[in-house]
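Colleague: Only the shape, not the letters, is given here:
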Ligand code: NCD
């Protein structure tokens, strides 16, 4: 069994390790069908969330529970943990590390997980750090593409929406860059275009990408249309800009009509209005299957870290 320690950023994974995670995730699907396992019996996972979450926190907690482990948790940690009294992240992590065997951290600052990992003394999993990364989401996204499209080589992926602040797309770019023949299209409103660090990384690794404006045109070419929410919480006072960005690209029936029959629409969720609910009934709408896959991938990660 391949072992894992911290999960901090998408670049830390190579293809062999990703294959091992996906193999284990498939086994985990069987485990769930057989009402779980006791492999992580008496292990404790702490989830420390300083930003809102539904899927990420609950799927991690379900994953740990289904493997027989225990969960301690603080949601709204900014408000309900001692951060409200002025405790530093480092001090909180040192203390929580004494109560648990792995810490799953979501924080509003990019780089927070690396800071936590430096002092924890136990494995830290980055469950989203500001506009930085969201590596476990990227793994479940890749797992979903593998399942839905049947391969990871030679695929065309259109990343749509808030590419500047969306940490899921940033992590996904790093993972997709590892596969032969991947082509990416970036479709984003002017003010939230993909940042230079990712573009430079792709250039350095000779991964072809193109920034385009016409979503319908790209939908004809893509195996995967990966839509994202405009990250309102990163705009601060700039509400005008947020309103401008929002509504610029919507996946609706007219976009679906352009897409190939085998192609899929993905979204990390939550969606606001960037995918029309009328698309949900289309078999190519993969976003709820994608969220479901998160359970198996997170079970696999916990198993590989703790078992
Ligand atoms: C994403 C996140 O938190 O970055 N949600 C998730 O974990 N599935 C996407 C988002 O909030 O838009």
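Modeller: That came in fine, so what should we check first? All figures in this text were calculated on a predicted structure; none of them were measured in a lab. Numbering: from 1, shown residues only.

Colleague: Are there helices or strands packed against the one helix or strand residue 299 maps to, and which ones?
Modeller: Using DSSP states H and E, residue 299 maps to helix 287-306. Packing partners of helix 287-306 (3 or more CB pairs under 8 Å, 6 or more residues apart in numbering; DSSP states H and E): helix 15-33, helix 55-66, strand 102-107, helix 135-149, strand 264-266. C-beta coordinates here come from the backbone N, C-alpha and C atoms, glycine included.

Colleague: rerun at 10 Å
Modeller: helix 15-33, strand 44-49, helix 55-66, strand 102-107, strand 124-129, helix 135-149, strand 224-227, strand 264-266 (3 or more CB pairs under 10 Å, 6 or more residues apart in numbering; DSSP states H and E).

Colleague: Any idea which of the ones you listed gets closest to residue 300?
Modeller: helix 15-33 (3.8 Å; CB to CB).

Colleague: contacting residues around the closest residue to residue 14 other than its chain neighbours?
Modeller: Nearest residue to residue 14 in three dimensions, chain neighbours excluded: residue 178, at 7.0 Å (CB to CB, 6 or more residues apart in numbering). Shown in contact with residue 178 (CB atoms under 10 Å, 6 or more residues apart in numbering): 10, 11, 13, 14, 15, 18, 142, 152, 205, 207.

Colleague: got a list of what the second one touches?
Modeller: Going back to what we said before, that points to residue 11. Contact analysis of residue 11 by CB under 10 Å, 6+ apart lists 133, 135, 171, 174, 175, 177, 178, 201.

Colleague: would a markdown table of those residues with pLDDT and distance to residue 79 be doable?
Modeller: A markdown table is the format used below for the contacts of residue 11 (pLDDT from 0 to 100; distance: CB to CB, whole Å):
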| residue | pLDDT | distance to residue 79 |
| --- | --- | --- |
| 133 | 98 | 24 |
| 135 | 98 | 26 |
| 171 | 98 | 27 |
| 174 | 98 | 32 |
| 175 | 98 | 33 |
| 177 | 98 | 37 |
| 178 | 98 | 38 |
| 201 | 97 | 35 |
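
Colleague: Buried subset of those residues, written for PyMOL?
Modeller: PyMOL command restricting these to the buried ones, with burial defined by 16 or more other CB atoms under 10 Å:
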select buried, resi 133+135+171+174+175+177+178
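
Colleague: Mark which of the contacts of residue 11 are part of helices, please.
Modeller: The members of these that map onto helices under DSSP state H are 135, 171, 174, 175, 201.

Colleague: The ligand contacts on the chain?
Modeller: 55, 56, 128, 134, 137, 167, 168, 229, 268, 269 (CB under 6 Å from any ligand atom).

Colleague: go again using 5 Å as the cut-off
Modeller: When proximity is defined as CB under 5 Å from any ligand atom, the chain approaches the ligand at 55, 56, 128, 134, 167, 229, 268.

Colleague: What residues are bridge-paired with the residue nearest to residue 113 when sequence neighbours are not counted?
Modeller: Excluding its sequence neighbours, the residue lying closest to residue 113 (CB to CB, 6+ apart) is residue 126, at 3.6 Å. Residue 126 has these beta-bridge partners by DSSP bridges: residue 105.

Colleague: wouldn't residue 126 be in contact with residue 114 here?
Modeller: Yes. Here residue 126 reaches residue 114: they are 8.1 Å apart, a contact under CB atoms under 10 Å.

Colleague: quick one: the helices in the stretch 151-300 of the chain?
Modeller: Here the stretch 151-300 of the chain has its helices, by DSSP state H, counting those that start in this stretch, at 167-176, 196-204, 215-221, 239-245, 253-258, 287-306.

Colleague: Highest mean neighbour count across those, which stretch is it?
Modeller: Most buried of the helices of the stretch 151-300 of the chain, by mean neighbour count (mean count of other CB atoms under 10 Å): helix 167-176, with a mean of 26.

Colleague: From the contact counts, what lies against that helix?
Modeller: By 3+ CB pairs under 10 Å, 6+ apart, helix 167-176 packs against strand 124-129, helix 135-149, strand 156-160, strand 183-187, helix 196-204, strand 224-227.

Colleague: how does it look with 7 Å?
Modeller: Judged by 3 or more CB pairs under 7 Å, 6 or more residues apart in numbering; DSSP states H and E, helix 167-176 is in contact with helix 135-149, helix 196-204.

Colleague: circling back: what's the pLDDT at the residue nearest to residue 113?
Modeller: pLDDT recorded at residue 126 is 98.

Colleague: ok, now residue 1?
Modeller: Here the pLDDT value assigned to residue 1 is 59.
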